[in-house]
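In: need a 3D model of the following:
(chains A and B)
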2 protein chains.
Amino acid sequence: MIPQTSLIKLRSIVGGENFLDSAEDKIAYSYDGTPLFQQLPDAILIPRSTDQISQILRLANEEGFGVVPRGSGSGLSGGSIPVENSVVLLVNHWNRILEIDQNNLTIWVEAGAITGQVHSAVEALGLMYPPDPGSSTICTIGGNVAENAGGLRGLKYGVTRNYVLGLEVVLPSGEVVLTGGKSVKDVAGYSLKDILIGSEGTLGITTKVLLRLIPKPDTSRTMLALYDKLSDAAETVSDIIGSKITPAALEFLDNTTIRCVEEYAHLGLPTSVESLLLIEVDGRVSVVEEDAAKIVQLCRQHHALDVTLAANEEEAVRLRSARKGALAALARVRPTTILEDATVPRSEVAPMLEQINRISKSHNLTFGTFGHAGDGNLHPTCLTDERDSEEIHRAEMAFEEIFSEAIRLGGTITGEHGIGLSKKKFLKTMVGEPALEMMRKIKQTIDPNGVLNPGKIFTLRPRCEGPLPTNREQIKKLADLGAFT
Amino acid sequence: MIPQTSLIKLRSIVGGENFLDSAEDKIAYSYDGTPLFQQLPDAILIPRSTDQISQILRLANEEGFGVVPRGSGSGLSGGSIPVENSVVLLVNHWNRILEIDQNNLTIWVEAGAITGQVHSAVEALGLMYPPDPGSSTICTIGGNVAENAGGLRGLKYGVTRNYVLGLEVVLPSGEVVLTGGKSVKDVAGYSLKDILIGSEGTLGITTKVLLRLIPKPDTSRTMLALYDKLSDAAETVSDIIGSKITPAALEFLDNTTIRCVEEYAHLGLPTSVESLLLIEVDGRVSVVEEDAAKIVQLCRQHHALDVTLAANEEEAVRLRSARKGALAALARVRPTTILEDATVPRSEVAPMLEQINRISKSHNLTFGTFGHAGDGNLHPTCLTDERDSEEIHRAEMAFEEIFSEAIRLGGTITGEHGIGLSKKKFLKTMVGEPALEMMRKIKQTIDPNGVLNPGKIFTLRPRCEGPLPTNREQIKKLADLGAFT
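Out: Got it, this is the predicted structure:
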């Protein structure tokens, strides 16, 4: 617990109305989008200026507590979950768009700006901000930067890193750094922004972000293809890329996911098919028509049972809903949904899917797998129940095997969610000791007292070893005492 | 000087045939593509394995000398120039293409592979490696990674960083790290490759590089437009981008450069025009034709005196030669050519060019300016004579003012050449003390003994303060002694 004397100082930095420490508030900020993790913070701070963040971090260094930055809390690796002896620092109230520069195709936003709002704002001007994580309606740009978020359009347009031109960041020391700028080429010293992007809030608290925009494609076409055999779908993907077409989306659903989606949304999908591809091409009209026709032809060549080419945007929305609803549909089946992001080179998608099925069966678990077939970024999703510790244990073992397979196939344990709390156990196997040591050294030199988002990425504390953490019991105790009523 | 005992150990690590220490060899490796800098190394090493590099670096840590990695030595910020008490470590003999993976659109190359050879190899398969620094016929991929090299195609396709998927690197400790891989999405821990890219050989020696490829565009069209007024050319650039067209190249030449090119290459360019734009669009046939027609129209709207649209590749090559020959043409005029890369946001290109002209005149110097108008990456080039120390002093003062203007306009002191030796003086003004301190800390923690490319980026030693360095005298002394005859 942070000593009361420190909490009083924190309250005086942000002001009483921006300092939350009721039991209800602590519970609300004790978890994020990641299942199985929870920890009460000692307080929640809503800073009103960059200078207040600096003061908070200086105090953290002096008095030895942790500061956990948080946007919308939609992360899937536990990156914004408090650890013991820490406060949560909110940035999601800073959600303004500060400037759209149409000459230089850039946008300055506050870190708490919602990704989807950025999309809308720039699309209204005929521009596009391509990264589109699945949580884009709620997630923040600051969180996207912290996790180097990906999304559906990664294959053609890349990930968050490819669009960050500049950052205003408060370093763990409390110093404020403005790194990068509107010049798309800039090699003045080490690229601090590239060190900070994807550092999961462990090296700095991002307060403002300068993003690069591109012209919005004139049009798009959406297709949906159904397959009896997984290998046919995989070969279609290979052949599309081999034909020099780079779709804006090239998404995959397996049979379990298709069945759940159909049960949930009644889209008329045949529940017997093995897999489904959702494909979208965008760009100039002439090229899009040409590419769409070619893709339909390739799907048929590879024995698609059915290929639908949306005739208009309404139909496209309907086709997309099969993919967009995948996680929500899976999440209805069992109380706990563990969504992972094992990622492999595109050529290894089919072998990886076979391994996921094998592993799932061998542990007697239900997995639905969907994801970004075009860039090999899969989402094996375990449908389970966190109250069944034995089944959770099996799920953990299954994921461990899945990550090993991803590494064996030349892939990675995380394509877009980050390490956070949930994958610390696997990081050393993934990157090797010398690389891990280099990361530790960077953390140590930038944040010598470990005040910023402590316990993330590095310290070993696997998701499931032994019983659930005691903090859950604490919460239950508080509930039993009627603290939340 | 490195003690003889250390040199003997180095010789035994690489073998006598891979250890060069004759006066001729030392002179050959005493300079690179950057004017006004020169320093003799104590020896030149040609390692034959990654393990030998590890041994060399371990010895450097134990015995306290510097190791300067070098590819082709075509850099323009002095990054591969030896400093006192250092050896040059060559990697340019490792120039093989190791694998082209057409399923995943990747290529593994050794660090010494020539960029132009990578272009040819992948283009033969219908693929493309977009980064194309001006020195592509001689520069190495390892050097491109060290400097995060840009080039003509930056506006549409980005820079080297956007294409590096993985690196094999020997860290200053001698440990070998393989970071990244064929997964285009990978967020497992800090992105070490992104810390290493652009670190100018100060954090690791790259031995192998995994690059991302894209499908080669089907076709391209090249245009050349001449203007009486700089502002008309600048407005054309703005309007092209405003029309949602992203050219593969959007290059600019000023009057001085045009005159030098015409004198050199006799292309029939009118030497009275104020500026020239070379524009290239690529992609699918239908789109390229449409875009080219639109661009020609925009050039005319903005009072271009003449617009030529190349009818075929032969004509395109002729038009391109105006831009490709710019540096060679300028370099003929005076004995010393100082080529810089002050870069500004695209909207500030015209104001920046005006400032360069003003500064050049006020110091009574001859500048030719050309560069990448589309991404604001300009090359103000001073035509001077290094034997005239008074004029060189004025040139230094002029560049100092030019860099200040670039910073004032929201730009950077270096868009694609790096800091190296030549811009250390300006880095603090550019990034500010907290950012510089963060860079220093990273260098210090990864390379605590400062063995790797010492004296680059950080230590203050401006290009021109007082007399030329004594090593030039050393060289002259050696020459006088008949050492090179």
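In: for stretch A:376-386, buried residues please.
Out: Of the residues in stretch A:376-386, A:376-384, A:386 count as buried by neighbour count, 16 or more other C-beta atoms under 10 Å in any protein chain shown. (C-beta placed from N, C-alpha, C; glycine too.)
In: give me the subset of these touching chain B.
Out: A:376-377 (C-beta under 8 Å from any C-beta of the partner chain).
In: redo the buried residues of stretch A:376-386 as a markdown table? Include distance to residue A:82, pLDDT and secondary structure.
Out: Shown next, in a markdown table, are these (distance: C-beta to C-beta, whole Å; pLDDT from 0 to 100; DSSP: H, G, I helix; E, B strand; the rest coil):
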| residue | distance to residue A:82 | pLDDT | secondary structure |
| --- | --- | --- | --- |
| A:376 | 33 | 95 | coil |
| A:377 | 28 | 95 | strand |
| A:378 | 30 | 96 | strand |
| A:379 | 26 | 97 | strand |
| A:380 | 28 | 97 | strand |
| A:381 | 26 | 97 | strand |
| A:382 | 25 | 97 | strand |
| A:383 | 27 | 97 | strand |
| A:384 | 24 | 97 | strand |
| A:386 | 19 | 94 | coil |
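In: of the buried residues of stretch A:376-386, which pair is most distant in space?
Out: Farthest pair in the buried residues of stretch A:376-386 (C-beta to C-beta) is A:376 and A:386. Separation: 28.9 Å.
In: still on that earlier bit, can I get the buried residues of stretch A:376-386 in TSV including distance to residue B:313?
Out: Output for these, formatted as TSV (distance: C-beta to C-beta, whole Å):
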residue	distance to residue B:313
A:376	36
A:377	39
A:378	43
A:379	46
A:380	49
A:381	51
A:382	55
A:383	57
A:384	60
A:386	64
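In: so which of the buried residues of stretch A:376-386 comes closest to chain B?
Out: Set against chain B, the nearest of the buried residues of stretch A:376-386 by C-beta to the nearest C-beta is residue A:377 (4.7 Å).
In: quick one: contacts for the closest residue in space to that closest one that isn't next to it in sequence?
Out: Excluding the flanking residues, the one nearest residue A:377 by C-beta to C-beta, 6 or more residues apart in numbering or on different chains is residue A:415, at 3.9 Å. Residue A:415 sits next to A:150, A:341-343, A:372, A:375-378, B:183, B:185-187 when contact means C-beta atoms under 8 Å, 6 or more residues apart in numbering or on different chains.
In: same question, residue A:261
Out: A:253, A:267, A:269, A:322, A:325-326, A:329 are the contacts of residue A:261 under C-beta under 8 Å, 6+ apart.
In: do a quick rundown of the strands in the stretch 301-450 of chain A.
Out: A:306-309, A:336-339, A:366-372, A:377-384 (DSSP state E, counting those that start in this stretch).
In: same question but for the stretch 151-300 of chain A, I mixed them up
Out: Counting by DSSP E, counting those that start in this stretch, the stretch 151-300 of chain A has strands at residues A:164-170, A:176-180, A:205-212, A:214-215, A:219-227, A:249-254, A:275-283.
In: which one of the ones you listed lies nearest to chain B?
Out: Checking the strands of the stretch 151-300 of chain A against chain B by C-beta to the nearest C-beta gives strand A:214-215 as the closest, at 3.5 Å.
In: and that closest one, which strands flank it?
Out: strand A:127-128 (antiparallel) (DSSP bridges).
In: just the closest of the contacts of residue A:415 to residue B:220, please.
Out: Using C-beta to C-beta, the contacts of residue A:415 come closest to residue B:220 at residue A:375, 26.8 Å.
In: OK, contacts around that closest one?
Out: Contacts of residue A:375 were listed using C-beta under 8 Å, 6+ apart, and they are A:150, A:154-155, A:250, A:343, A:346, A:415, B:183-185.
In: which helix runs longest in chain A?
Out: Looking across chain A with DSSP state H, the single longest helix is helix A:389-408.
In: OK, contacts around residue A:91?
Out: A:47, A:69-71, A:110-112, A:140, A:142, A:205-207.
In: rewinding a little: what comes up buried for the longest helix of chain A?
Out: Buried positions in helix A:389-408, judged by neighbour count with 16+ other C-beta under 10 Å: A:391-392, A:394-396, A:398-407.
In: tell me the one among those residues nearest to residue B:63.
Out: residue A:407 (38.0 Å).
In: could I get the average pLDDT for stretch A:219-228?
Out: For stretch A:219-228, mean pLDDT is 97.
In: any low-confidence regions in the stretch 101-250 of chain A?
Out: Within the stretch 101-250 of chain A, no stretch has pLDDT under 70.
In: nearest residue to residue A:439 other than its sequence neighbours?
Out: Using C-beta to C-beta, 6+ apart and skipping residues adjacent in sequence, the residue nearest residue A:439 is residue B:190, 4.6 Å away.
In: and for residue A:192?
Out: residue A:179 (4.2 Å).
In: how many neighbours does the one you found have?
Out: Neighbours of residue A:179 under the rule other C-beta atoms under 10 Å in any protein chain shown: 27.
In: before we move on, what about residue A:22?
Out: Residue A:22: 12 neighbours (other C-beta under 10 Å).
In: quick one, grab the pLDDT at it.
Out: Per-residue pLDDT puts residue A:22 at 97.
In: what sits against the residue lying closest to residue A:169 once chain neighbours are set aside?
Out: Distance criterion C-beta to C-beta, 6+ apart; nearest residue to residue A:169, sequence neighbours excluded, is residue A:204 at 3.8 Å. Shown in contact with residue A:204 (C-beta under 8 Å, 6+ apart): A:167, A:169-172, A:177, A:196, A:446, A:452.
In: how about the residues of the stretch 251-400 of chain A by chain B?
Out: A:283-284, A:286-287, A:290, A:343-347, A:372, A:375-377.
In: just those: which are in helices?
Out: Those of those lying in helices (DSSP H): A:286-287, A:290.
In: adding pLDDT and neighbour count, write those out as CSV.
Out: Below are these laid out as CSV (pLDDT from 0 to 100; neighbours: other C-beta atoms under 10 Å in any protein chain shown):
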residue, pLDDT, neighbour count
A:286, 90, 16
A:287, 93, 21
A:290, 95, 17
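In: which one of the residues you listed is nearest to residue B:94?
Out: Looking across these and measuring by C-beta to C-beta, the closest to residue B:94 is residue A:287, at 39.9 Å.
In: isn't the closest one right next to residue B:287, touching?
Out: Yes. Between residue A:287 and residue B:287 there is a contact under C-beta atoms under 8 Å: 5.7 Å.
In: how is chain A divided into domains?
Out: What automatic domain parsing lists as the domains of chain A is A:4-90, A:97-215, A:424-480.
In: so for residue B:81, which of the ones you listed sits nearest?
Out: The closest of the domains of chain A to residue B:81 is domain A:97-215. By C-beta to C-beta, the value is 17.3 Å.
In: quick one: the residue nearest to the spatial centre of chain A and chain B, what's the gap?
Out: What sits nearest the mean C-alpha location of chain A, by C-alpha atoms, centre = their mean, is residue A:417, with 3.9 Å. For residue A:417, the distance to chain B (C-beta to the nearest C-beta, to the nearest Å) stands at 7 Å.
In: ok, residue A:33 next?
Out: 15 Å.
In: that residue: how many residues sit nearby?
Out: If you count neighbours by other C-beta under 10 Å, residue A:33 ends up with 20.
In: re the thing from before, pretty sure the residue nearest to the centre of chain A is touching residue A:341, no?
Out: Yes. Counting by C-beta under 8 Å, residue A:417 touches residue A:341, with 4.7 Å between them.
In: anything in contact with each of these two?
Out: Counting by C-beta under 8 Å, 6+ apart, the residues touching both residue A:417 and residue A:341 are residue A:76.
In: how about residue A:67, phi and psi?
Out: Main-chain dihedrals, residue A:67, degrees, to the nearest 10: phi -120, psi 120.
In: look up how far residue A:33 lies from it.
Out: Distance of residue A:67 to residue A:33, given as C-beta to C-beta, to the nearest Å: 20 Å.
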